[in-house]
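**Q** after the sequence you'll find the predicted model.
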Amino acid sequence: MSFEQLETPVPLVDVDVMARNLDTMQAYADQHQLQLRPHTKTHKSVHVGREQMRRGAAGLTCATPHEATVMQQASDDLLVAYPLVGHAKLDRLFSVRDDVALRVQLDNAEAIDQLYAAAVRHDRAVAVTVEFDAGMHRVGVPSLDDAIALAHMVRANPPLEFSGIAFYPGHIREPVTSQDASLERLRHKVSEAVQAFTEAGLPPAIVSGGSTPTMWRSHEITGITEIRPGTYVYNDRTTAEIGACKWDDCAFTVLATVVSTSVKGQAVIDAGTKSLGREPIRGASGEGWGALLDRPEVIVARMSEEHGMLDLTATDWRPRVGELVRVVPNHVCIVTHLNDVIFGVFHPCASVVFSRSADPRVV
């Protein structure tokens, strides 16, 4: 298929760029003897998950039980990095086939009680990593003494198994070259946690952390054994702006059509909030809601639900109505979530469909 045969707006993935991103990340993890457990919330694709496993990933990370039921097609080792609460969610988790190793990341006693009851009900062991707050103040136990108490609680309630500790450095979003002070604080927190658990007789076999903004400096965190980046597979405008990837590492774009040039200094495309989301650039200077892949100086300055207004004041390019453009979104994960099908682009321009819940098929 050619781009002209696609009904816009439609998400595209440059398969060659994605493959390079996967190779580079796995090579980094191997070089520093870190287990790579990519977060699948970015791509939601069994095909991509299999490609990550084929390259040497230790397993996959999921955000929801439903993602786990899908990703069991790609990996037999799954982590749900989210505190699961509720009978329905837990029953869905345990619907994953028995030969898949399950691990859940938790930060409170109620969630542990519910996971224990579900594990007994389903007669199945499940590993638990206790999450401590490394600075983001979202989830994670603030007190290491309380985190240790949770680990003892897990250990006292088989078939739950205490497997280690976890953290998420999502608060570190500054440019890669400006992360020194934040990483030093994180290094201290992680070292303190490992020491405290070890002294309590609970040496953590797994110390799980990491994010895409900090991924290339993960080896600087003393004691870390596992990293869980997600966005790196496709990358996005924010990741490029903070220097965690180059612009030509952005594999994901939204193909859109110019539908109006009536207003001077702008062009309107058929991709608005329902196609690009509405998340600003985080941790970097920059405006707008996306930028053109081949003209990054052209940003999506404003949006309605179905309209995206391109600001043409920084370019001498003047598009015609009907012209196709490719927009790199600010945050790729939420754009993936908006779509059931993503088209993979090869060179020359052949396409393949990436379903979020099935193998790809050539179209």
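**A** Happy to help now that I have it.
**Q** just to be sure, T129 is in a helix?
**A** No. Going by DSSP: H, G, I helix; E, B strand; the rest coil, the assignment for T129 is strand, not a helix.
**Q** can you tell me the closest non-neighbouring residue to it?
**A** For T129, ignoring the flanking residues on the chain, the nearest one in space by Cβ to Cβ, 6 or more residues apart in numbering is A166 at 4.2 Å. C-beta: built from backbone N, CA, C; applies to glycine.
**Q** now do the helix or strand encompassing A196: distance to the chain's middle.
**A** Element membership for A196, per DSSP states H and E: helix 180-199. Between the centre of helix 180-199 and the centre of its chain there are 23 Å (Cα atoms, centre = their mean, to the nearest Å).
**Q** quick check: buried residues in that helix?
**A** By 16 or more other Cβ atoms under 10 Å, the buried positions in helix 180-199 come out as S182, L183, L186, R187, K189, V190, A193, V194, A196, F197.
**Q** for stretch 220-227, same thing?
**A** Across stretch 220-227, burial judged by 16+ other Cβ under 10 Å covers I221, G223, I224, T225, E226, I227.
**Q** can you flag which of the residues you listed belong to strands?
**A** The subset of those located in strands under the criterion DSSP state E comprises E226, I227.
**Q** state the pair within the buried residues of stretch 220-227 that is farthest apart.
**A** Based on Cβ to Cβ, the longest span within those runs between G223 and I227 and measures 12.5 Å.
**Q** next up, the contacts around the residue nearest to T129.
**A** Neighbouring residues of A166 by Cβ atoms under 8 Å, 6 or more residues apart in numbering: A81, Q105, T129, V130, E131, F132, I206, V207, S208, G209.
**Q** bridged to it, which residues?
**A** In this entry, A166 is beta-bridged to E131, S208, by DSSP bridges.
**Q** ok, it to P203 distance?
**A** With the distance defined as Cβ to Cβ, to the nearest Å, A166 ends up 15 Å from P203.
**Q** so, low pLDDT: which residues of the stretch 151-300 of the chain?
**A** Along the stretch 151-300 of the chain, segments meeting pLDDT under 70 span 284.
**Q** buried set for the top strand by length along the chain?
**A** Ranked by residue count under DSSP E, the longest strand found in the chain is strand 252-260. Buried residues in strand 252-260, counting neighbours by 16+ other Cβ under 10 Å, are found at F252, T253, V254, L255, A256, T257, V258, V259.
**Q** what about I148, which SS state?
**A** In three-state terms, and counting by three-state DSSP, I148 is helix.
**Q** tell me which of the buried residues of strand 252-260 is nearest to W289?
**A** Using Cβ to Cβ as the measure, the one of these that approaches W289 most closely is V254, at 10.7 Å.
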